[in-house]
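K.L.:
build the 3D model from these lines:
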Amino acid sequence: MHQLRKLVIFIAIILLDAALIGSCTDASIKSIPLSNAYPAATRLYISSHYLPYDFRFAEEKRYAGLPLVTAISPDGMANLQLLGEEDDIQSARILIYLPIDADYEFANQQYTYFGLLLNSILGDDAGMDEWLVDATNSIAERSNTSLMGGAIASTPYSTDAGDLAVNMYVRLDEDENGFIMALVVGDWLDDIGYDPAHSVWQP
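P.N.:
Numbers count the residues shown, from 1 in each chain. Presented below is the predicted three-dimensional model:
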């Protein structure tokens, strides 16, 4: 928990500094589907971790030929996305938006949503909390001309069924007013986007 607090402070104070910039790297981990490693991590089970935070669930739609269920936080600045059948989730991710001028309390709340996803799938794994710290630091160290292209830090999470990719993604929005951040469990780094003016997420 102490490391989580340090990471939130890092995000709120350092990552939100517009002078901090990074570059995009390709995630090369070949991931197994989420349900292969954690069949108990169903749509209902993962969703249950977000219901106490008043996430509003939308009707199921189709994406890449698979069912997609999404849920949005009360302020519209976080979006849970679950790809796959009810009992056969292929990938899950939580996307958050962090304005440049976000205060510590807001950043802390947003970051809580990352922890909920990890805990709902991987359980209480202190090693993954440490990885989030390292991933964010790694992204911050990839200084280049801008974060407009996005930056990715990935790790293969070893399971009995094979390696499950866990990715941290950060991109500066087009107006440079904030950061789109995503924690992705499984192989799904496509179509990560947010329109802060209308609180609309992709896909």
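K.L.:
now stretch 108-128: buried residues?
P.N.:
For stretch 108-128, a neighbour-count test (16 or more other CB atoms under 10 Å) marks 108-111, 113-118, 120-122, 128 as buried. (C-beta placed from N, C-alpha, C; glycine too.)
K.L.:
now, those residues that are in helices?
P.N.:
108-111, 113-118, 120-122, 128 (DSSP state H).
K.L.:
which one of the buried residues of stretch 108-128 is nearest to Ala41?
P.N.:
Ranked by distance to Ala41 (CB to CB), the buried residues of stretch 108-128 are led by Ile121 at 4.7 Å.
K.L.:
excluding chain neighbours, what is closest to that closest one?
P.N.:
Ala41 (4.7 Å; CB to CB, 6 or more residues apart in numbering).
K.L.:
what residues are up against Ile192?
P.N.:
If you count contacts by CB atoms under 8 Å, 6 or more residues apart in numbering, Ile192 has them with 93, 95, 150, 169, 171, 180, 182, 202.
K.L.:
which of those residues has the weakest pLDDT?
P.N.:
Within these, pLDDT reaches its minimum at Gly150, with 78.
K.L.:
helix, strand or coil for the residue nearest the centre of the chain?
P.N.:
Most central in the chain under CA atoms, centre = their mean is Leu183, positioned 2.0 Å from the mean C-alpha point. Using DSSP: H, G, I helix; E, B strand; the rest coil, the structure places Leu183 in strand.
K.L.:
and it, how close does it get to Tyr113?
P.N.:
Taking CB to CB, to the nearest Å as the measure, Leu183 falls 8 Å from Tyr113.
K.L.:
who touches both of those two?
P.N.:
Common neighbours of Leu183 and Tyr113, using CB under 8 Å, 6+ apart, are Ile94.
K.L.:
skipping adjacent residues, who's closest to Gly162 in space?
P.N.:
Closest residue to Gly162 apart from its sequence neighbours, by CB to CB, 6+ apart: Ile32 at 4.3 Å.
K.L.:
is the one you found in contact with Leu164, as I believe?
P.N.:
Yes - if you go by CB atoms under 8 Å, Ile32 and Leu164 touch, sitting 5.8 Å apart.
K.L.:
who has more neighbours out of the two?
P.N.:
Comparing Ile32 with Leu164 by other CB atoms under 10 Å, the one with more neighbours is Leu164, at 24 against 18.
K.L.:
check contacts around the more buried one.
P.N.:
Counting by CB under 8 Å, 6+ apart, Leu164 makes contact with 31-32, 34, 36-38, 156-158, 185-186.
K.L.:
now the helices for the protein?
P.N.:
Counting by DSSP H, the helices of the chain are 2-9, 34-37, 43-48, 104-122, 126-141.
K.L.:
and the ones you listed as CSV, adding distance to Gly65 and mean pLDDT?
P.N.:
Below are the helices of the chain laid out as CSV (distance: least, CB to CB, whole Å; pLDDT from 0 to 100):
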stretch, distance to Gly65, mean pLDDT
helix 2-9, 36, 47
helix 34-37, 16, 96
helix 43-48, 17, 97
helix 104-122, 23, 90
helix 126-141, 30, 78
